[in-house]
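**Student:** Quick one, fold the following:
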Amino acid sequence: VTIAKNNMETAKYWVKSESSISIKELDIVEKRDEINKSDVIIMNPPFGTKKKGADSEFLQVAFGLADVIYSFHKTITAGFLREMSTRAGFTVSHEWHFPGFRIRKSHQNHKKKLHTIDVTVFRFVKRA
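**Tutor:** Numbering: from 1, shown residues only. Next up is the predicted model:
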């Protein structure tokens, strides 16, 4: 989030646009009523390890808020996410795979100091 905010400040010098860019760090499931419809959402939802289906819940809310969504998920869930996006009227236009992605212990439920997992960033686009 810090890097994105810094990049946004830097881009203001080169981009002359009337468009509004905002970066918010929040739980879109809990704050869904406070979020305006957006052109693009970039999110890193919980992986659904602690609470089964948590990532799906985040994605379902995002489908109602934007036409383009970039979202970070465990690679093993790719098939399910493709089906879910199709049912919601979206398609997966791009996938970026990161095998052996390192996650540092950042929550109490994390048992290891460092955990590696295969992750994929998906770009979901609303079908016309």
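
**Student:** Quick one: list the elements packing against the longest strand along the chain.
**Tutor:** Looking across the chain with DSSP state E, the single longest strand is strand 90-104. Contacts defined by 3 or more Cβ pairs under 8 Å, 6 or more residues apart in numbering; DSSP states H and E place strand 90-104 against helix 78-87, strand 114-126. Any C-beta I mention is one placed from the backbone N, CA and C, and that applies to glycine too.

**Student:** tell me the most buried of these?
**Tutor:** Compared across the helices and strands packed on strand 90-104, strand 114-126 shows the largest average neighbour count, a mean of 16 (mean count of other Cβ atoms under 10 Å).

**Student:** Can you name the helix or strand that residue 57 falls in?
**Tutor:** Using DSSP states H and E, residue 57 sits in helix 54-63.

**Student:** let me fix that: residue 4
**Tutor:** Element membership for residue 4, per DSSP H and E: helix 2-11.
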